[in-house]
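Trainee: curious how this folds, go ahead:
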Amino acid sequence: MGILDGRLQIEASAASGIEAVVKRELSALGYSPSGANYGRIRFNGDFKDVLRANIFLRTANRVRIVLAEFDARTFDALFDQTNAIRWKDILPMNAAITVNAKSIKSKLFSVRSIQSIVKKAIVSAMQRDYNISRVSENGVTYEIEAAIIEDKATLTLDTSGDGLHKRGYRTYLGDAPLRETLASAMIQLSVWKPDRPFIDPFCGSGTIPVEAALIGLNIASGMNRGFACERFDGAPDIRSEVQQEAEQLINRNVKLHISGFDINPDAIRLALKHAERAGVKDYIHLQTADARTLSSKRPRGVIVTNPPYGERLMEKREAEALYREFGEVCKAMPDWCVYAITSNNAFEKYFGKKADKVRKLYNSQLECNFYQYLAPLPKRADDTL
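Mentor: Residues are numbered from 1 along each chain as shown. This is a model prediction of the structure:
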């Protein structure tokens, strides 16, 4: 019996700051997720659950199968414990094996050495168990991660392949692109619901509006791409079953009011291509427009945006002047909530208002703040009496 035939301990990884969002998504899918440990959230399931997690999770980076955990304070211990695993139950004889590693607060801190030792231990075990002189490695790729955290080694098998931010619709990249997983997390951290108006006034190549439409229509983020686990030796052929589940959950009858604006017409052209590839073009209004002229006749909407930071796209002073003018525009829309991510720590000063909440998030490797401004609650009729 191979590893894919039984119960599994599954791990979803999340970027710093959005672990709680991934946890909520897992709970909504019917799982009982653990607490987050260095961005890793675990749950139990089988191969179908591995595939479901890859297809449905909007904010996770990757989905992995936990293979083993053990103390590893020396390289000898790392080799021996790795070598003792029955890799024959996990990897086919000709598996192309790649090993990635990370080390946090551990005696074994050389990532290259960890990778080398783990790879040697796996190959040695396969030679022993398969009774072969060499592993040809001309088959399907299996990516093993060796994470040593506080002297405990965790070996996992990646099931995603490309990172889950690669939905398949964004084939053209504009300047300073925002990862799809982060865009989705920002939306889910906001108060937006599909019945409320939604605007991204600095939409660039359209990632935030497209992700909002996918959420609003309940389109699974990974249903239009493949995953590494589908190519594994002995993997059950259940993609059509999970795909059918995803298709049945789509609600195209919902009426969405999602808009994306950008001053750059080339960015809007990219956004239109991405919206079309994602199958949501008919549900988003995309237009070339200056954020400093933003207005809306619709009440109680939500703005979620990734304005220029002043690091690559614009000079810092220009960005800060833009924040000031953006703040003035938002003052004229007092019943709208505003959510903005930026690496500029003085955003509140230039925007002209202290945020109700600030959350630290990472745009790729860049540390940013997610500023959250809530609109006043609507008055009830009896409040005026």
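Trainee: OK, contacts around Ala340?
Mentor: By C-beta atoms under 8 Å, 6 or more residues apart in numbering, Ala340 lies in contact with 303-307, 347, 351, 370-371. The way it works is simple: take the backbone N, C-alpha and C, and place the C-beta from them, glycine included.
Trainee: surely Gln115 is in a helix?
Mentor: Yes: judged by DSSP: H, G, I helix; E, B strand; the rest coil, Gln115 forms part of a helix.
Trainee: residues contacting it?
Mentor: By C-beta under 8 Å, 6+ apart, the contact set of Gln115 is 99-101, 146.
Trainee: which of the residues you listed are buried?
Mentor: Burial by neighbour count, 16 or more other C-beta atoms under 10 Å: within those this picks out 99, 101, 146.
Trainee: ok, the last one - contacts?
Mentor: Ala146 is in contact with 78, 82, 99-102, 114-115, 118, 153-155, counting by C-beta under 8 Å, 6+ apart.
Trainee: now it: how far from Glu19?
Mentor: 22 Å (C-beta to C-beta, to the nearest Å).
Trainee: check the first one too.
Mentor: Val99 is 25 Å from Glu19, where distance means C-beta to C-beta.
Trainee: repeat for Val66
Mentor: Separation of Val66 from Glu19 (C-beta to C-beta) stands at 17 Å.
Trainee: of those two, who's got more company?
Mentor: Glu19 (23 against 15; other C-beta atoms under 10 Å).
Trainee: which residue ranges of the stretch 51-200 of the chain form strands?
Mentor: Using DSSP state E, counting those that start in this stretch, the strands of the stretch 51-200 of the chain run over 62-71, 96-104, 141-149, 152-158, 198-200.
Trainee: CA atoms only for the fourth one - export them in PDB, please.
Mentor: Looking back up the chat, that one is strand 152-158. Only the C-alpha atoms of strand 152-158 are listed here, as PDB (Å, rounded to 0.1, in the frame of the first residue of the first chain):
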ATOM      1  CA  LYS A 152      12.900  19.200  15.000                       C
ATOM      2  CA  ALA A 153      13.000  18.000  11.400                       C
ATOM      3  CA  THR A 154       9.800  17.800   9.400                       C
ATOM      4  CA  LEU A 155       9.900  16.100   6.100                       C
ATOM      5  CA  THR A 156       7.100  16.900   3.700                       C
ATOM      6  CA  LEU A 157       6.100  16.100   0.100                       C
ATOM      7  CA  ASP A 158       4.900  19.000  -2.000                       C
END
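Trainee: quick check: which helices or strands does that strand pack against?
Mentor: In terms of contacts (3 or more C-beta pairs under 8 Å, 6 or more residues apart in numbering; DSSP states H and E), strand 152-158 is packed against strand 62-71, helix 75-83, strand 141-149.
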